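What shape does this take:
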Amino acid sequence: MNKFFTVAGVALVAFASQSASAQVTEKDLAAYGALMSTPHGALPAVASPLMAGEARAAAALDVRYGRYSFDVAGQDIAVNNIGIGGNFAAGDRGRLGVIVGRSTCENCESTTMAGVDYSMSLFSRPVGTSTSSSLNIGLHPAFGYGKQSNTDGSAMSLALDVPVSYAMGMKSGMHFVSFLAPGMGYGRMSDGITSLSGTRTSLGGGVALLNIGNGLGMNLGFRKVFLDEAPTQWGLGMSWSR
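From the prediction side, this is the model:
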């Protein structure tokens with residue numbers, strides 16, 4: 001497994017090799033490393049306009065920052081990720097998004113990431129007597145790719161989430177949104193000659209204020225790709241829509 005050097009992979013391999021209690025296989029490590037080296041795991045989950053019942057909202061730009069860390073032999077290895085992207089209406093109940101980003105950590109080669117995702121509304125119903133509050137269920141498939149600088153190391157991921165959100169509208173037009181997004185992901189890591197792949201479950205979530213003013217939105221989110229003793233990624237997001 002030490003052939004597969006993405007930012008997340010090298011940190012996780014070092015972490016797992018130091019932990020006698022981490023009962024994981026090489027395929028588990030490859031899946032986790034790939035998911036965390038691509039936008040799905042490296043960047044925080046954020047609320048989309050669909051979660052506020054706005055499938056036809058104008059095109060939106062967003063910037064995200066995510067961070068997680070490993071304690072390896074008493075040394076804290078922090079992985080920092082930043083991405084910029086956008087999404088726009090695609091069909092009556094969907095939005096298509098693209099994002100590019102970069103992942104770095106101390107004494108690691110950086111990883112350049114890119115991803116494409118699609119958000120679709122499956123269910124939306126008013127809550128209580130207020131038409132400004134709603135419960136929403138969606139579907140969110142995503143594809144991601146990561147390429148390590150100066151090496152042949154690469155990562156690829158496919159993921160599917162089912163976001164469940166509650167949106168509360170306010171008189172000003174602002175929306176408060178809270179959501180959880182359980183999911184499943186497939187990840188493959190390669191050194192240019194051989195590769196390993198596997199699957200992991202995940203959970204994303206967060207809270208957001210959308211339409212604060214002039215199309216501004218603020219998000220606090222997380223993503224947990226499940227693996228024994230592996231960390232949770234936390235992050236912030238800002239969005240602008242017109």
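
only C-alpha atoms for contact and neighbour calcs from this point on.
Will do.

At the geometric centre of this structure, which residue do we find?
Ranked by distance to the mean C-alpha position of the chain (C-alpha atoms, centre = their mean), the top residue is His40 at 3.3 Å.

What are the contacting residues of stretch 99-112?
Stretch 99-112 is contacted by residues 6-7, 10, 37, 39, 42, 77-86, 113-116, 146-150 when judged by C-alpha atoms under 8 Å, 6 or more residues apart in numbering.

and that stretch, average pLDDT?
Averaged across stretch 99-112, pLDDT comes to 87.

what does stretch 178-194 give?
93.

mind listing what's buried in it?
Neighbour-count burial for stretch 178-194 flags 178-191 (criterion: 16 or more other C-alpha atoms under 10 Å).

export the residues you listed to a markdown table and tack on secondary structure and distance to Gly33?
Below are these laid out as a markdown table (DSSP: H, G, I helix; E, B strand; the rest coil; distance: C-alpha to C-alpha, whole Å):
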| residue | secondary structure | distance to Gly33 |
| --- | --- | --- |
| Ser178 | strand | 28 |
| Phe179 | strand | 25 |
| Leu180 | strand | 22 |
| Ala181 | strand | 20 |
| Pro182 | strand | 19 |
| Gly183 | strand | 16 |
| Met184 | strand | 14 |
| Gly185 | strand | 11 |
| Tyr186 | strand | 11 |
| Gly187 | strand | 8 |
| Arg188 | strand | 8 |
| Met189 | strand | 7 |
| Ser190 | strand | 11 |
| Asp191 | coil | 13 |
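
Closest one of the residues you listed to Ser239?
Ser239 has its nearest neighbour among these in Ser178, at 15.9 Å by C-alpha to C-alpha.
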